[in-house]
Each structure stands twice: as C-alpha cells, then as structure tokens.
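>>> Kindly return the folded structure for what I paste below:
(2 chains)
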2 protein chains.
Amino acid sequence: MRPRLVLFGDSITELSFQSGGWGAALTDRFARQADVVLRGLSGYNTRWALKVLPRAMEGAADADPAAITVFFGANDASLPDQVSAHQNVPLEEYQSNLRAICGYFKVKASLRACAIMPFSDSDMLDSSLMCLVLRSQERWPSTAIILITPPPIYEPARIRDIHGVDDPSRQAERTNEAAGSYAQACISVAKELGHPVIDIWTKMQEFPDWQTSALSDGLHFTPTGNQILFHEVVKTLASIGFSQESLPSDLPRYREIDPKDPMKAFEV
Amino acid sequence: MRPRLVLFGDSITELSFQSGGWGAALTDRFARQADVVLRGLSGYNTRWALKVLPRAMEGAADADPAAITVFFGANDASLPDQVSAHQNVPLEEYQSNLRAICGYFKVKASLRACAIMPFSDSDMLDSSLMCLVLRSQERWPSTAIILITPPPIYEPARIRDIHGVDDPSRQAERTNEAAGSYAQACISVAKELGHPVIDIWTKMQEFPDWQTSALSDGLHFTPTGNQILFHEVVKTLASIGFSQESLPSDLPRYREIDPKDPMKAFEV
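Residues are numbered from 1 along each chain as shown, chains lettered A, B, ... in the order given. This next block holds a predicted model:
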C-alpha cells in the first residue's frame, strides 16, 4: 500500500492543484510512490477547521498517513476591525486551536461503558452499577504532522483586492506584521509539541520581489510562490524519511523492464 | 465520504500532475467534491497493465470509485519493427486486454471451499468430501469505466525524439496511422461493453496546429493538449452525472458562512 500525504489547510491548500500549484507538484514528484489527498477549505480559520476536523478527514486515510500538512493562520490573522473581521481568531486561541488540531491526530479517546444490571426492579436505584472506562489511544501514531506558518502579506495588493483601488491611505484587511505574529505563534506551538514546521512567512520574504513574484494578490501564491513552498515541503518530508530516494516505487519502472524479456519484470 | 475518480493509464496519465496537467486540473475542479487518485505507469502497454492490475489498484479505492479512466494504447501501438518494438501489443490482443481490464473492475470471482472432514484416518480417502462453490460478484458495481483512445502522433517530432535529428527519411517508432487503428479498436471495445469512450485521437486533430500546440514531442501533451483532454473528461463525467453542479460540496463553502454568525454554518 502506498503511503499517503494529506494536505489540510485553507485556500492556499485548496488552490494548490491549480496550474503550477504546490499540491500538484507534490503529487507529480511522488507519482509512483505515494498518494496525495487534498483537504483544503478556502476561507477557513483554525476555529472553523477544528469544528469540522472529523468530517474533513473522512476518507482521507484508512491507515496512518505518512504525513499531514497543517497550514492555517492566513485567515486567523485577519485584522479584527476590518472587512474580514469574522475570519479573525485571537492569537492565543489560534495557538490553542493548532494544539487541538494536532492533538486530534494523535489522541483518540473513547468512553466505554459496562453496566451490571440489577436482579429486580426494586434493586434498580441502589444496586445497579455502572462502570465507565476512558480509553486513550493514538489515532495516527506514525503520522508526521508538519505545521506551516501563514505566508507574508503584501498590503498594497490587499488594498487593491479589497477596495478595488490603489490607495495607500486606506487600510488592508491583513497586514504583514500581524501575519508575522501568527507565524511566530505557529512556530512556538510546533516546537512545544515537537512537530516540524515550515516558516513560509520568513522563507518567502528572502526571495527578491516576493511581494509580486511570489504572491498574486498580496496573499495567495503565484507559480513561483508555489514552487517556494513545494521545495520547503519536499525538504521537510525528506527530513522525516519521506523522499523519492527512500520510498519504494509502486510497480516496476519502465527503465527496469528488459526490452529482450519484458515479462520478467512482472514475475512476483 | 467523497466520491473517488481513479486515473489509470501510461505516461500520459503518470505525467498528468505536471504544470498544466489534466489530472491536476481535475483535482482542482473537484477540490471540494471528490478525491482524484493517480495510477499512471509510464511506458506500460495493456499487457503489462493487465499483469499488475490488482497491485496497481491497491489503496486506490476501498469502496467503488465513482469513475475510472482507462487510458492505454499509445505504447501498444508502437511499431513492431522499430526501436520500441518491445512495447508493441498486437491490435487484437490490445482489444482483449482492454476487455480483461474492464472485466477486472466488474467481475470478482472467488472460490469458496467447505470440507466435510472424515471421522477417522481410515476414512480419509474414500469418505472425505470437498465442496467448492464459485461465487461471482461485481468488484465495483457502480463504477463508470471511461475508456480513452491513444492520442494522435506527430511523426517528425517522434523522429527527432528517437534519432536526435530532423530527418524525414528515417522512420518514427510510432505512426499516427497505427495510433488511429488502436483508437478505432478501443472505441469498438467500449461500444461492445457499453462504456463511455473519449476519442482523443480524433478530437485532438480538430485543433489548429495540434501537432505542436497539443503535443510536446509528437506523443506527450503540452498544457494545451492537457486542456483538451481535461475538457473531454469533464464532459464525459458530466454525462454520467459526475459534475460540479451535481456533486455535493464537502463542508460549508466560505460564501455560505454568515459573517454575522459564522458558527451557524457548522451546526449539524
């Protein structure tokens, strides 16, 4: 059975199979080695993601996926007094939601009840005995959780997108500074829980003209921005032993098929 | 549970998540409605595909996928006296292999044995009784099988790819005429079995300069070629009731979330 890679996040995940997208690039890279499952929820913040988590994961993986990317924060970091205020989640709640999302993948609690029934109706109230056992186990014990920070924001492009005009006197609904605080908060949760983290907020800003080369509307990714994230995900996956080199190939490769005796490659 | 769409074929399927690819475009189109599973095997013909079919489908679908595309023939149609001769599969075998591949998805036979054991060792040979029951059932009864014909071939580009020179006096390892015969053979099997079929050999040749606009090396697809196939697959899926309009969305869409009372959308 091929290992699975689940992509869980907001629009930057949902749109990751558009032309040049990082999700499609991952599927292409591991085309003969792993299955990539898309669970992107445009517009969602961690509060909403947490609310739908069990439903979002339905059918995503029967057994433990090899890894899951958790990529939220771009919406949580919306300013609480601007047009996207309803997407805002306070910084501390963002952190506790991230903890709860990671916890969901790692802890599965079930309450098992066993009742000792009374012998007669008259015994019902005083002698019936109920025994409750709380069992705790890991949902996906072997799954690596990769946290991804919110990306940087280019405010002039957000003003244009929201207000329809280039007007620096107006206020964007997201700022790079707020996104940076959420990025730091995400890194801190990842460290606390011992999960790998991709600081795409910092990484992206190392690229020349990242404001327009990596971002299309000051928030979402251009093909170049997608490539930046793709390479970071590939590097992080390699660090947990998930790479083209380490994963077996599903079925014989064409180059392994001997032109003089093709069927030999298919002998089990 | 989201419906699944399985893509099964040769390199034109395996490479379908490269930038602009038809597989990625399908994943993007149904991002919130269905899961797309890639099972592309570069270089494979129907003979090899049939040989690995049960292994290729491992993990592709637990329950019936909504549809599976079966896209082979480009390698089967390789000329039997040229450099890709070992990929060639005679026309009639190509058809019987296609029938067997389709049959695999539709028929699952299992042999169930029940033995009535003898009372003593001395009874072993004459009184032991074995009962064999052959049970036949459908593997994926509700799955639509969509056959796709091999694509057209642009021979000058194949000569350049194989021999490294533009030399019309040399022979390509594939011809458009041979591909056309396999396309017709594929259509005929689809009609015989009552499965929908996409005649990409004919369809692609309706586009201006298809030789170079739709094909990158006379065989594989450019982003334009990928778009042509993508639209044909979307049309065919719609004809079996699998469309953006007919499929439910997985979890509330952002536009359905009321900014004044966001959590209302998540009440079950």
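>>> So which residues on the stretch 51-200 of chain A come close to chain B?
Neighbours of chain B within the stretch 51-200 of chain A, by Cβ under 8 Å from any Cβ of the partner chain: A:51-52, A:55-56, A:58-59, A:62, A:85-86. From N, CA and C alone the C-beta is placed, and that goes for glycine too.
>>> one more time with 10 Å
Contact residues (Cβ under 10 Å from any Cβ of the partner chain) of the stretch 51-200 of chain A with chain B: A:51-52, A:55-56, A:58-60, A:62-63, A:75, A:83-87.
>>> Now stretch A:206-223: buried residues?
A:210-211, A:214-216, A:218-223 (16 or more other Cβ atoms under 10 Å in any protein chain shown).
>>> likewise stretch A:249-258?
In stretch A:249-258, counting by 16+ other Cβ under 10 Å, buried: A:250-252, A:254, A:257.
>>> filter those down to the ones near chain B?
With Cβ under 10 Å from any Cβ as the criterion, those include A:250-252, A:254, A:257 near chain B.
>>> Just the ones of those in helices?
Judged by DSSP state H, helices contain none of these.
>>> Any chance of JSON lines for these, columns pLDDT?
JSON lines is the format used below for these (pLDDT from 0 to 100):
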{"residue": "A:Asp250", "pLDDT": "92"}
{"residue": "A:Leu251", "pLDDT": "95"}
{"residue": "A:Pro252", "pLDDT": "96"}
{"residue": "A:Tyr254", "pLDDT": "96"}
{"residue": "A:Ile257", "pLDDT": "96"}
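>>> For those residues, work out which two are farthest apart.
Largest separation among those by Cβ to Cβ: A:Asp250 and A:Ile257, giving 14.6 Å.
>>> just to revisit the earlier point, which of the residues of the stretch 51-200 of chain A next to chain B has the largest number of neighbours?
A:Asn75 (29 neighbours; other Cβ atoms under 10 Å in any protein chain shown).
>>> the strands in chain A, which residues?
A:4-9, A:35-40, A:67-71, A:108-116, A:129-137, A:144-148, A:197-198 (DSSP state E).
>>> Now mean neighbour count and mean pLDDT too, for the ones you listed, in TSV please.
TSV is the format used below for the strands of chain A (neighbours: other Cβ atoms under 10 Å in any protein chain shown; pLDDT from 0 to 100):
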stretch	mean neighbour count	mean pLDDT
strand A:4-9	24	98
strand A:35-40	25	98
strand A:67-71	26	98
strand A:108-116	9	69
strand A:129-137	9	72
strand A:144-148	25	98
strand A:197-198	20	98
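>>> Reformat those as TSV; add distance to B:Ser169.
Listed next are the strands of chain A as TSV, based on distance: least, Cβ to Cβ, whole Å:
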stretch	distance to B:Ser169
strand A:4-9	49
strand A:35-40	46
strand A:67-71	53
strand A:108-116	69
strand A:129-137	70
strand A:144-148	55
strand A:197-198	54
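>>> that older thread, now, which of the buried residues of stretch A:249-258 sits nearest chain B?
Using Cβ to the nearest Cβ, A:Tyr254 comes nearest to chain B of the buried residues of stretch A:249-258, at 3.0 Å.
>>> is it true that that closest one touches B:Gly40?
No: look at A:Tyr254 against B:Gly40 with Cβ atoms under 10 Å: they stay out of range, at 11.3 Å.
>>> who touches both of the two?
B:10-11, B:14 (Cβ atoms under 10 Å, 6 or more residues apart in numbering or on different chains).
>>> so who does A:Glu138 touch?
By Cβ under 10 Å, 6+ apart, the neighbours of A:Glu138 are A:64, A:105-108.
>>> one more time with 7 Å
A:106-108 (Cβ atoms under 7 Å, 6 or more residues apart in numbering or on different chains).
>>> Run a quick neighbour tally on the nearest residue to A:Asp250 once chain neighbours are set aside.
Once flanking residues are discounted, A:Asp250 sits nearest to A:Arg32: 5.1 Å by Cβ to Cβ, 6 or more residues apart in numbering or on different chains. Using other Cβ under 10 Å, A:Arg32 has 20 neighbouring residues.
>>> per-residue pLDDT, A:Arg32?
For A:Arg32, the pLDDT comes out at 97.
>>> do you know how far it is from A:Glu177?
Counting by Cβ to Cβ, to the nearest Å, the gap between A:Arg32 and A:Glu177 amounts to 43 Å.
>>> what's the answer for A:Pro152, then?
10 Å.
>>> cool, and A:Pro151?
Computed as Cβ to Cβ, the A:Pro151 to A:Glu177 distance reads 14 Å.
>>> Which one's more surrounded, the two?
A:Pro151 (29 against 11).
>>> what's near enough to touch the residue nearest to the more buried one when sequence neighbours are not counted?
Counting by Cβ to Cβ, 6+ apart, A:Pro151 lies nearest to A:Ile200, which is 5.1 Å off, once chain neighbours are set aside. Going by Cβ under 7 Å, 6+ apart, A:Ile200 touches A:148-149, A:151, A:229, A:232.
>>> My guess is A:Leu53 contacts A:Ala100. True?
No: look at A:Leu53 against A:Ala100 with Cβ atoms under 7 Å: they stay out of range, at 8.4 Å.
>>> give me every residue that touches the spatially most central residue of chain A.
For chain A, A:Val70 is the residue whose C-alpha lies nearest the centre (Cα atoms, centre = their mean; 2.1 Å). By Cβ under 7 Å, 6+ apart, the contact set of A:Val70 is A:8-9, A:101-102, A:145-148.
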